[in-house]
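Colleague: coordinates only, sequence not included:
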């Protein structure tokens, strides 16, 4: 079963804010997923903005 969008967003935000190691490709992939969730309407503009700031 797929994880709920809110749970995915929370995990992505945690990864963006405090990655276990600096992995530029992983950070870019996480931000792309946040952008995708926003474009699909699964997260709000405020949530996407917070992810971008992280």
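Modeller: Here it is on my side, so go on. Since this is a predicted model, take the numbers as computed values, not measurements.
Colleague: For the rest of this, base every contact and every neighbour count on C-alpha atoms.
Modeller: Fine.
Colleague: Averaging pLDDT per element, find the lowest-scoring helix or strand in the chain.
Modeller: Every helix and strand of the chain was ranked by mean pLDDT, DSSP states H and E. The lowest is helix 5-17, at a mean of 80.
Colleague: What are the contacting residues of that helix?
Modeller: Contact partners of helix 5-17, identified using Cα atoms under 8 Å, 6 or more residues apart in numbering, comprise 27, 30, 31, 34, 37, 42, 43, 51, 54.
Colleague: Can you turn the buried part of those residues into a ChimeraX selection?
Modeller: To isolate the buried members of these in ChimeraX, using 16 or more other Cα atoms under 10 Å:
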select :27,30,31,34,37,42,43,51
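Colleague: farthest pair in the contacts of helix 5-17?
Modeller: Farthest pair in the contacts of helix 5-17 (Cα to Cα) is 27 and 42. Separation: 19.8 Å.
Colleague: quick one: buried residues of the least confident helix or strand of the chain?
Modeller: Under the neighbour-count criterion of 16+ other Cα under 10 Å, helix 5-17 has 8, 9, 12, 13, 15, 16 buried.
Colleague: can I get the contacts of helix 5-17 in a markdown table with secondary structure, distance to residue 3 and pLDDT?
Modeller: Converted to a markdown table, these look like this (DSSP: H, G, I helix; E, B strand; the rest coil; distance: Cα to Cα, whole Å; pLDDT from 0 to 100):
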| residue | secondary structure | distance to residue 3 | pLDDT |
| --- | --- | --- | --- |
| 27 | helix | 20 | 78 |
| 30 | helix | 15 | 83 |
| 31 | helix | 18 | 85 |
| 34 | helix | 14 | 87 |
| 37 | helix | 13 | 88 |
| 42 | coil | 12 | 88 |
| 43 | coil | 14 | 87 |
| 51 | helix | 19 | 81 |
| 54 | coil | 22 | 73 |
